[in-house]
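Chemist: Below are the sequence and a predicted model; questions follow.
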Protein chains: 2
Amino acid sequence: MAAMAADQRTLADIGEFATIDAVTPAFPATAAVLIGPGDDAAYVATSGPVLVTTDLLIDRRHFRRDWSEPTDVGHRAVAASLADIAAMGGTATGLVVGLAAPADLPVEWARQLAEGMAAEAGLVGATVVGGDLTAADEIVVAVTALGQTASRPVRRDGARPGQVVALAGRIGWAAAGFAVLGRGFRSPRAVVDAYRRPEPPYDAGPQAAAAGATAMIDVSDGLLADLGHVATASGVAVDVQAAAFEIAEPLEAVGAAVGVDPLRFCLTGGDDHALVATFDVGAIPDGWRQVGRVDDGSGVTVDGEPYDGSAGHTHFG
Amino acid sequence: MAAMAADQRTLADIGEFATIDAVTPAFPATAAVLIGPGDDAAYVATSGPVLVTTDLLIDRRHFRRDWSEPTDVGHRAVAASLADIAAMGGTATGLVVGLAAPADLPVEWARQLAEGMAAEAGLVGATVVGGDLTAADEIVVAVTALGQTASRPVRRDGARPGQVVALAGRIGWAAAGFAVLGRGFRSPRAVVDAYRRPEPPYDAGPQAAAAGATAMIDVSDGLLADLGHVATASGVAVDVQAAAFEIAEPLEAVGAAVGVDPLRFCLTGGDDHALVATFDVGAIPDGWRQVGRVDDGSGVTVDGEPYDGSAGHTHFG
């Protein structure tokens, strides 16, 4: 009954400006916000040059409203951008968000989306500082994150032969959750939740930069695909050791249920936003685990062999 | 024949990464770009806190592919964001762009969009530093601009009774162009071009800030509507003087042809991205012209009277 009593008004019912007024209170001010929402531009403090990354999420392509609550979509949209900032060795400070949506979208959906965004941003002390709202046929969420870094940003192109490849954060969980949801199930709950709300290891990015990481990327296309970006940018080969992956029980269960080697979730699944980086031997910081080696050559292998399906997710494919 | 011989490949034909490779060369590096496209985030130099603004443009709502060339859409999309930065008294340094598009979009359309964006950004010495590309049912262009300001940012809330209202840049031209295009015509060319490629007075923003502007906004919803935002934020009334508007010949011609008082284009039309600001009496800088006064009270009037249709454009309306 509580759900039925909730506010059912749509964006068309209350209009652009009242909708903005309804969602903006979700975003707390922080010390970095010199001017927040409501002017032509926001004004954000930074201790040096600014990191900036942008991502689009499209309804029924990047999320499904029957799979995820609007708060989950907010968490997920912001997590993708915060992970990009972390993958440079930085920490996000502020975000701007564009929302395009059909006129019949409930205001409550937008409000809960904003709450999820604010909660995820709050994990790193960031907040939403501004945005744009407009009508469209399908829901598009455009998130741009600003960040700063205490050390040199870590790029993709610094991996060198002889170095080791290390991973921080969960991997394969979101892909297992996606596999479950795609077959109409809602359990195991642990992997479904991992798909709905990834938990990128935000602190591991600055930690890796401080420890001298030579290349870093967030795993959004799939580990092998993203290591492929590092290998190409660095002009090296990467070999991943399958034995380095301890397959957690829920992934084993999903793999058995859907007839997929659960290692595949770890090697080719996106959406967990784990971080993968290269270090000199002996320089891997706490909380990171070695999963491979950098060699002369090109391309990515698993235990020295090509891995079927390593291309990862691409759009328009 | 040249057009028929042009590259007709679509995003689906060449895929996400090759499309990114096709458009990225349009964006020159500048001194501010410490890390450009191709990593998890870009890294942009700034001389202090960073201004940031984001805008979404939706196909058939903010532009029409049968009205505008892709280069025009690129100019227009970037102009809207650069004008927001100028309206704070700032200058843009870098932009990130998200493009969501159907798989059958020609790569050439995206490439020309990027060229228009780069050309418009180049007017203020800015460039595109990163982006995102994804599949969607309709074209969405998401532009986020970063900027910096040599003086305090000028907000909307500083207008005080007794001050004067001044305008920089063309006004009413884009609305006249829209009226013409909406009726299936392509002339007068001057107003059609003004709609396709607005010419915001970018330098006038920092100039106004340096001259002590107390409030400023870019005219995107319509002059009276945007002055309404200033009046509300500042807790004042604004009166606009109709006689201050010299109606250019093409606007007279369009007004006569479509049966609209051409003053209406100036007072309620958006899309020119003129700048309007308030100053102390005698402080209006060169290139700005007085168009009104700030009074005690609330709301916006024209020659002391309410103006029919002053609400301007709103989404979901």
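Modeler: That came through fine. Residues are numbered from 1 along each chain as shown, chains lettered A, B, ... in the order given.
Chemist: ok, now which ones touch the residue lying closest to residue A:139 once chain neighbours are set aside?
Modeler: Spatial nearest neighbour of residue A:139, chain neighbours left out: residue A:59 (3.8 Å); criterion: C-beta to C-beta, 6 or more residues apart in numbering or on different chains. The C-beta positions use only the backbone N, C-alpha and C, and glycine is treated the same way. By C-beta atoms under 8 Å, 6 or more residues apart in numbering or on different chains, residue A:59 lies in contact with A:65, A:138-140.
Chemist: try 7 Å this time
Modeler: A:65, A:138-139 (C-beta atoms under 7 Å, 6 or more residues apart in numbering or on different chains).
Chemist: residue boundaries of the strands in chain A?
Modeler: A:33-35, A:42-44, A:50-58, A:91-101, A:127-135, A:140-148, A:164-168, A:215-218, A:237-240, A:275-279, A:289-295, A:299-302 (DSSP state E).
Chemist: would you turn the ones you listed into JSON lines with mean neighbour count?
Modeler: As requested, the strands of chain A are exported to JSON lines (neighbours: other C-beta atoms under 10 Å in any protein chain shown):
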{"stretch": "strand A:33-35", "mean neighbour count": "20"}
{"stretch": "strand A:42-44", "mean neighbour count": "27"}
{"stretch": "strand A:50-58", "mean neighbour count": "26"}
{"stretch": "strand A:91-101", "mean neighbour count": "27"}
{"stretch": "strand A:127-135", "mean neighbour count": "24"}
{"stretch": "strand A:140-148", "mean neighbour count": "28"}
{"stretch": "strand A:164-168", "mean neighbour count": "24"}
{"stretch": "strand A:215-218", "mean neighbour count": "29"}
{"stretch": "strand A:237-240", "mean neighbour count": "22"}
{"stretch": "strand A:275-279", "mean neighbour count": "29"}
{"stretch": "strand A:289-295", "mean neighbour count": "19"}
{"stretch": "strand A:299-302", "mean neighbour count": "20"}
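Chemist: Now the ones you listed in CSV, please, with extra columns for mean pLDDT and distance to residue B:154.
Modeler: As requested, these are exported to CSV (pLDDT from 0 to 100; distance: least, C-beta to C-beta, whole Å):
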stretch, mean pLDDT, distance to residue B:154
strand A:33-35, 97, 10
strand A:42-44, 98, 11
strand A:50-58, 97, 21
strand A:91-101, 98, 19
strand A:127-135, 97, 16
strand A:140-148, 98, 21
strand A:164-168, 98, 43
strand A:215-218, 98, 37
strand A:237-240, 98, 50
strand A:275-279, 98, 40
strand A:289-295, 98, 51
strand A:299-302, 97, 51
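Chemist: Let's have these in CSV, adding distance to residue A:23.
Modeler: Formatted as CSV, the strands of chain A follow (distance: least, C-beta to C-beta, whole Å):
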stretch, distance to residue A:23
strand A:33-35, 16
strand A:42-44, 15
strand A:50-58, 16
strand A:91-101, 8
strand A:127-135, 8
strand A:140-148, 12
strand A:164-168, 32
strand A:215-218, 27
strand A:237-240, 42
strand A:275-279, 30
strand A:289-295, 39
strand A:299-302, 42
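Chemist: Of these, give the one that comes closest to residue B:98.
Modeler: strand A:50-58 (4.3 Å; C-beta to C-beta).
Chemist: Run me through the strand neighbours of the closest one, direction for each.
Modeler: According to DSSP bridges, strand A:50-58 has the following sheet partners: strand A:140-148 (antiparallel), strand B:42-44 (antiparallel).
Chemist: Tell me how far the residue nearest the centre of chain A lies from residue A:143.
Modeler: Nearest residue to the geometric centre of chain A (C-alpha atoms, centre = their mean): residue A:80, 2.5 Å. Distance, residue A:80 to residue A:143, by C-beta to C-beta, to the nearest Å: 7 Å.
Chemist: anything in contact with each of these two?
Modeler: residue A:55.
Chemist: Could you give the bridge partners of the nearest residue to residue A:299 once chain neighbours are set aside?
Modeler: Once flanking residues are discounted, residue A:299 sits nearest to residue A:237: 5.7 Å by C-beta to C-beta, 6+ apart. Listed beta-bridge partners, residue A:237: residue A:295, residue A:299 (assigned using DSSP bridges).
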